[in-house]
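S.K.: I'll drop the sequence and a predicted model, then ask my questions.
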Amino acid sequence: MDGPPARTGSDASGRANRVAVAVLIGVALAAAAPVLSGCRSDGGTAEAASPAPSPSAAEASAGSLRPDVHRPDGLGHRSGDPVPCTPEMLRFHAGAAGQPAGRMLLSVTNYSDRPCDFAAQPYPLLHFGDGRRPAIGAIEASRPRAAVTLAPDRTAYAGITTSAAPGTPAATPRTRGKISQFGVALATGTEPTQVGLDSGAPVRLDPRAARVTHWQSRRADALKW
């Protein structure tokens, strides 16, 4: 029997060429795959998709663009709500009122950047003497309809009766002393802030007659009692 025809050198060479061409095409397609995947069917270049923002990041971004959103300050208050006034937020001034006689005027100005109020303690707790004496009483008739709220740079006033009217039993010379400063507490149980008189000149004080008004938003209201 005759065996299979012997392969010639030209057949082997053609097969090797076809294999080489196939390898080259495969390499070219692999190199072009990233480029082709970035092309759109309309001839444009596809843009890489941005990762979706997390819910917390989206909420924070929205809050920064909405001025009506109030964030807690860590004390249970929103940023737009007033907080209780503290000595660190205020500048204190005190001095003789001139008229009527026997009156002093205490004023506090809010120099912080947020509003505060006197809702928790509606009148100043004034301490005269060595600090062991209790705070003087308040003139309850002076209570305003609503607690005073101080916006930044606004001032509140309290009138202080330092002596009884002339001719009354309490107006005796031996009960009067002189003061050039006194303690002001804004809440029960807190350390009084020492406030000196603006003029530096001592003022006569009768501890038995001394009283203070509730905080007022107007100077005239603090001195009419």
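M.R.: Looks like it arrived, so ask away. Worth saying up front: this structure is predicted, and the values here are computed from it rather than measured. Numbering: from 1, shown residues only.
S.K.: looking at this structure, which helix or strand is least sure?
M.R.: Within the chain, confidence by mean pLDDT, DSSP states H and E is lowest for helix 55-64 among all helices and strands, at a mean of 42.
S.K.: helix or strand right after that helix?
M.R.: Per DSSP states H and E, the first helix or strand lying C-terminal to helix 55-64 is strand 83-84.
S.K.: okay, now the sheet partners of that next one, with direction.
M.R.: strand 116-117 (parallel) (DSSP bridges).
S.K.: so what touches the helix or strand just after the strand it pairs with?
M.R.: Downstream of strand 116-117, the next assigned helix or strand under DSSP H and E is strand 125-127. Strand 125-127 is contacted by residues 106, 133-136, 160, 182-188, 192, 210, 212 when judged by Cβ atoms under 8 Å, 6 or more residues apart in numbering. Where C-beta positions appear, they are placed from N, C-alpha and C, glycine not excepted.
S.K.: what about 10 Å?
M.R.: 94, 104, 106, 133-138, 158, 160, 182-190, 192, 194-195, 210-212 (Cβ atoms under 10 Å, 6 or more residues apart in numbering).
S.K.: note down every partner strand of that strand and its orientation.
M.R.: strand 181-185 (antiparallel).
S.K.: how about the strands in the chain?
M.R.: Using DSSP state E, the strands of the chain run over residues 83-84, 90-96, 103-110, 116-117, 125-127, 137-138, 149-150, 155-161, 177-179, 181-185, 193-196, 203-205, 211-212.
S.K.: wait, which of those is closest to residue 219?
M.R.: Ranking these by proximity to residue 219 (Cβ to Cβ) places strand 155-161 first, at 5.0 Å.
S.K.: list the residues that contact residue 120.
M.R.: Contacts of residue 120 (Cβ under 10 Å, 6+ apart): 84-85, 147, 186-188.
S.K.: those residues into CSV, with extra columns for distance to residue 204 and pLDDT?
M.R.: As requested, those are exported to CSV (distance: Cβ to Cβ, whole Å; pLDDT from 0 to 100):
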residue, distance to residue 204, pLDDT
84, 33, 97
85, 29, 98
147, 32, 95
186, 26, 97
187, 29, 96
188, 28, 94
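S.K.: most neighbours out of the residues you listed, which is it?
M.R.: Most neighbours among the contacts of residue 120, by other Cβ atoms under 10 Å: residue 85, with 25 neighbours.
S.K.: from residue 216, how far out is that one?
M.R.: Remark: distance between residue 85 and residue 216 (Cβ to Cβ, to the nearest Å) = 14 Å.
S.K.: one more: residue 202?
M.R.: According to Cβ to Cβ, residue 202 and residue 216 sit 25 Å apart.
S.K.: okay, these two: which has more neighbours?
M.R.: For residue 202 versus residue 216, the count of surrounding residues by other Cβ under 10 Å is larger for residue 216: 22 against 12.
S.K.: beta partners for that one?
M.R.: Counting by DSSP bridges, residue 216 is bridged to residue 157.
S.K.: contact partners for it?
M.R.: 107, 123, 142-144, 148, 156-159, 222-225.
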